[in-house]
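[1] sequence? don't have it. structure:
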């Protein structure tokens with residue numbers, strides 16, 4: 001079943017690549033002078049690589065997990081020093097006219113290393129030493145990929161949070177991750193005054209859930225209101241140039257210090273998290289503007305602004321997404337038909353064979369075709385989750401969930417950005433988008449798990 005779904009997605013991807021870059025001069029889908037002919041070579045070679053991966057003994061991947069990881073991390077470092085810059089990312093080796101991107105392959109290598117570590121003897125996920133090691137395993141390749149200016153591939157590593165959650169990591173980690181994303185968005189959309197008020201209200205609600213006694217709640221309100229009120233009174237009387245948001249922030253910091261003092265004196269440890277979350281959120285909010293203006297590239301800033309509706313620039317930063325949505329929307333219920341997509345035929349959507357391949361599906365096959373493709377992906381995800389859960393070995397289970405998470409994050413972001421729900425960060429749709437490195441890496445990623453599943457009755461360590 002899994003192999004069938006793989007071949008279905010690869011075949012449909014090839015057909016849609018043909019439609020996306022169709023050329024009257026090269027009508028044959030097997031013509032090696034065009035992308036669809038070259039993609040056929042990538043598909044055939046991927047099948048050969050997949051078969052080779054399946055032939056290897058399953059224990060090989062367990063024994064040499066760290067070595068495989070080390071090799072690909074070394075390649076990430078090497079590509080920074082000796083690689084070529086293509087489409088603005090310093091992440092390619094060009095060998096005899098063939099472009100190879102190590103950042104695609106390091107994903108399955110990182111999954112192997114993580115599975116090896118999490119299945120090690122006497123492993124406990126809540127130990128500080130364990131969390132530090134996990135951060136190193138995932139953070140090292142993520143940092144090197146980020147240095148290559150390939151933000152999209154670096155963000156894929158957030159998928160491993162789902163794996164760690166399955167293996168017992170506290171749900172607070174996912175909560176704080178979601179909180180960080182929301183704070184980043186809110187900090188760009190709202191003023192500092194609104195953000196501070198929201199943080200204060202959120203902290204009060206959080207505190208009330210921990211301690212629902214109204215008497216203590218009103219005392220807490222008093223500790224917040226009095227310092228803020230005094231600072232604002234100082235502003236009115238002596239320092240009118242001070243902004244209201246700065247005054248409320250200063251009062252809030254004083255309140256937080258008072259709370260910390262009370263917590264230490266009375267040893268109220270359960271309230272400490274409320275204060276720390278508030279302070280952390282406040283300082284993170286203040287740092288967002290600096291990160292946005294000084295670290296993100298101008299095109300990344302434009303795409304985020306376009307996504308959040310802060311400004312509209314359909315001829316520049318919003319062009320890709322705008323044309324993609326037009327293409328998908330014009331497909332209607334059953335689409336315009338194979339090779340009849342006008343947005344596709346006249347090259348209105350850039351990178352339509354790679355990052356925006358899904359808009360070809362939407363235009364030519366409509367809602368029905370889009371639903372079919374999405375359905376195939378969800379069948380694959382559910383199948384892989386079922387396979388991961390039936391593993392006796394922790395190594396195989398962790399690796400299986402890594403496969404699902406990596407494929408899902410690619411699927412979610414790629415389709416999300418074609419319909420304007422995600423920022424354009426340039427990552428391929430698994431098994432579908434044009435490209436050898438991505439197809440090879442996804443094939444190896446999946447094939448290793450199929451090999452581990454074939455030996456699922458074994459207990460790897």
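    That came in fine, so what should we check first? Quantities reported herein were computed from a predicted structural model and do not represent experimental measurements. Residues are numbered from 1 along each chain as shown.
[2] centroid-wise, who is the farthest residue in this structure?
    residue 237 (49.4 Å; C-alpha atoms, centre = their mean).
[3] so which bits of stretch 80-95 are buried?
    83, 89, 91, 92, 93 (16 or more other C-beta atoms under 10 Å). (C-beta placed from N, C-alpha, C; glycine too.)
[4] quick one, domains of the chain?
    2-167+314-454, 190-294 (automatic domain parsing).
[5] by mean pLDDT, show me the worst of those.
    Least confident of those, judged by mean pLDDT, is domain 190-294 with a mean of 74.
[6] so what's the gap between that one and the chain middle?
    For domain 190-294, the distance from its own C-alpha centre to the chain's C-alpha centre is 31 Å (C-alpha atoms, centre = their mean, to the nearest Å).
[7] and what of stretch 282-298?
    19 Å.
[8] cool, and stretch 185-196?
    24 Å.
[9] residues of it that come out buried?
    Quick answer for stretch 185-196 (16+ other C-beta under 10 Å): 186, 187, 192, 195, 196.
[10] tell me which stretches of this protein form strands.
    Using DSSP state E, the strands of the chain run over 84-86, 89-95, 98-100.
[11] looking at those, which is closest to residue 168?
    strand 89-95 (33.5 Å; C-beta to C-beta).
[12] just put the strands of the chain in TSV and tack on distance to residue 407.
    As requested, the strands of the chain are arranged in TSV below (distance: least, C-beta to C-beta, whole Å):
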stretch	distance to residue 407
strand 84-86	24
strand 89-95	20
strand 98-100	21
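[13] which stretch among those strands comes nearest residue 282?
    strand 89-95 (34.3 Å).
[14] just to revisit the earlier point, quick check: which of the strands of the chain is nearest to residue 167?
    strand 89-95 (29.6 Å).
[15] give the contact list for residue 279.
    By C-beta atoms under 8 Å, 6 or more residues apart in numbering, the contact list for residue 279 reads 253, 256.
[16] let me see the contact set for residue 277.
    179, 203, 206.
[17] ok, of the buried residues of stretch 80-95, which one's closest to residue 332?
    The closest of the buried residues of stretch 80-95, once distances to residue 332 are taken by C-beta to C-beta, is residue 89, at 35.8 Å.
[18] so who does the closest residue to that closest one other than its chain neighbours touch?
    Computed as C-beta to C-beta, 6 or more residues apart in numbering, the closest residue to residue 89 that is not its neighbour in sequence is residue 150, at 4.5 Å. By C-beta under 8 Å, 6+ apart, the residues touching residue 150 are 89, 91, 103, 426.
[19] how close does residue 150 sit to residue 163?
    Separation of residue 150 from residue 163 (C-beta to C-beta, to the nearest Å) stands at 21 Å.
[20] re the thing from before, considering the contacts of residue 277, which possesses the most neighbours?
    residue 203 (23 neighbours; other C-beta atoms under 10 Å).
[21] isn't it up against residue 276?
    No: Residue 203 lies out of contact with residue 276 (C-beta atoms under 8 Å); the separation is 10.4 Å.
[22] related to what we said a few turns ago, can you redo the contacts of residue 277 as CSV with distance to residue 72?
    Shown next, in CSV, are the contacts of residue 277 (distance: C-beta to C-beta, whole Å):
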residue, distance to residue 72
179, 32
203, 43
206, 42
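[23] which one of these is nearest residue 229?
    residue 203 (17.4 Å).
[24] and the two most separated of the buried residues of stretch 80-95?
    89 and 93 (12.4 Å).
[25] now do residue 298 against residue 442, distance only.
    Distance from residue 298 to residue 442, by C-beta to C-beta: 31 Å.
[26] and the gap between the closest residue in space to residue 438 that isn't next to it in sequence and residue 440?
    Computed as C-beta to C-beta, 6+ apart, the closest residue to residue 438 that is not its neighbour in sequence is residue 428, at 4.3 Å. Computed with C-beta to C-beta, the distance linking residue 428 and residue 440 is 12 Å.
[27] quick check: residue 21 touching residue 38?
    No: counting by C-beta under 8 Å, residue 21 stays clear of residue 38, with 10.3 Å between them.
[28] which stretches of the stretch 1-150 of the chain form helices?
    For the stretch 1-150 of the chain, the helices defined by DSSP state H, counting those that start in this stretch occupy 2-20, 35-55, 58-63, 65-82, 102-118, 128-147.
[29] distance to residue 390 for the contacts of residue 150 - can I get that in JSON lines?
    Putting these into JSON lines (distance: C-beta to C-beta, whole Å) gives the following:
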{"residue": "89", "distance to residue 390": "38"}
{"residue": "91", "distance to residue 390": "36"}
{"residue": "103", "distance to residue 390": "31"}
{"residue": "426", "distance to residue 390": "35"}
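[30] correct me if wrong: residue 90 contacts residue 79.
    Yes: using C-beta under 8 Å, residue 90 is in contact with residue 79, at 7.1 Å.
[31] longest helix in the protein, please.
    helix 358-389 (DSSP state H).
[32] buried set for that one?
    For helix 358-389, by 16+ other C-beta under 10 Å, it's 358-366, 369-370, 373, 376-377, 379-381, 384-385, 387-388.
[33] cool, and stretch 51-58?
    53, 58.
[34] same check, this time on stretch 122-130
    So stretch 122-130, judged by 16+ other C-beta under 10 Å, has buried residues residue 130.
[35] please apply the same query to stretch 444-459.
    444-453, 455-456, 458.
[36] can you put those in CSV and add distance to residue 70?
    Listed next are these as CSV, based on distance: C-beta to C-beta, whole Å:
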residue, distance to residue 70
444, 17
445, 18
446, 22
447, 21
448, 17
449, 21
450, 24
451, 21
452, 20
453, 25
455, 24
456, 27
458, 25
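[37] in helices, which of the residues you listed fall?
    444, 445, 446, 447, 448, 449, 450, 451, 452, 453.
[38] ok, the last one - contacts?
    Which is residue 453. Going by C-beta under 8 Å, 6+ apart, the list of residues near residue 453 reads 387, 390, 391, 396, 400.
[39] ok, now with 7 Å
    387, 396 (C-beta atoms under 7 Å, 6 or more residues apart in numbering).
[40] what distance do you get for it to residue 447?
    10 Å.
[41] re the thing from before, and the domains of the chain as TSV, adding distance to residue 175?
    Shown next, in TSV, are the domains of the chain (distance: least, C-beta to C-beta, whole Å):
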stretch	distance to residue 175
domain 2-167+314-454	11
domain 190-294	10
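[42] what's the most buried one of the ones you listed?
    domain 2-167+314-454 (a mean of 19; mean count of other C-beta atoms under 10 Å).
[43] and that domain, how far from the chain's centre?
    Per C-alpha atoms, centre = their mean, the centroid offset for domain 2-167+314-454 relative to its chain is 12 Å.
[44] pull up the distance across that domain, start to finish.
    Start to finish, the residues bounding domain 2-167+314-454 are 12 Å apart (C-alpha to C-alpha, to the nearest Å).
[45] wait, residue 161 touches residue 174, no?
    Yes: counting by C-beta atoms under 7 Å, residue 161 touches residue 174, with 6.3 Å between them.
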